[in-house]
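>>> Structure here, sequence nowhere to be found:
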């Protein structure tokens, strides 16, 4: 190999390395964390940071009604409720931005919220 070939390879490797690490820095700076918003009558009563490591339980109790909301393994779900129909308990766990669980009798909603844009892929129904 000639001296100029070695210099060219070093320059190409440096440019590639700088581009790679620059992309990683930009990706990490643009990440916004997800949250689970728990609302009663449309008012946020609890905000919980949401990711794969979150392990938290929240009990809503207003004296008349209660809901036990569990967040673990990257999913949020209603484990127990005192409502008659139990639709919120039977609803599948949520994990994606914009998904929501509603308990109409108790006027509670559990929603995954993130400022990140979704990738525009298929939703859970079309999968």
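Sure, I can see it. As the structure is a computational prediction, the values presented were derived from the model and not from experiment.

>>> mind checking which helix or strand residue 10 is in?
For residue 10, the element it lies in under DSSP states H and E is helix 3-30.

>>> now swap in residue 46 and tell me
Using DSSP H and E, residue 46 maps to strand 43-50.

>>> That strand - which strands sit beside it in the sheet, and in what orientation?
Strand 43-50 has these partner strands in its sheet, going by DSSP bridges: strand 34-40 (antiparallel).

>>> Residues in contact with the partner strand: which ones?
Outside of strand 34-40, the residues within contact range by CB atoms under 8 Å, 6 or more residues apart in numbering are 44-51, 54, 58, 60, 62, 69, 71, 76, 97, 106-114, 116. Where C-beta positions appear, they are placed from N, C-alpha and C, glycine not excepted.

>>> Mind checking which of the residues you listed are buried?
48, 50, 54, 58, 60, 69, 71, 76, 97, 106, 108-113 (16 or more other CB atoms under 10 Å).

>>> sorry, back to before: distance from the chain centre to the strand holding residue 46, please.
Using CA atoms, centre = their mean, to the nearest Å, we find the averaged C-alpha position of strand 43-50 to lie 12 Å away from the chain's own average C-alpha position.

>>> Over to stretch 107-117?
Per CA atoms, centre = their mean, the centroid offset for stretch 107-117 relative to its chain is 8 Å.

>>> Could you do stretch 71-79 as well?
The chain centroid and the centroid of stretch 71-79 are separated by 11 Å, computed with CA atoms, centre = their mean.
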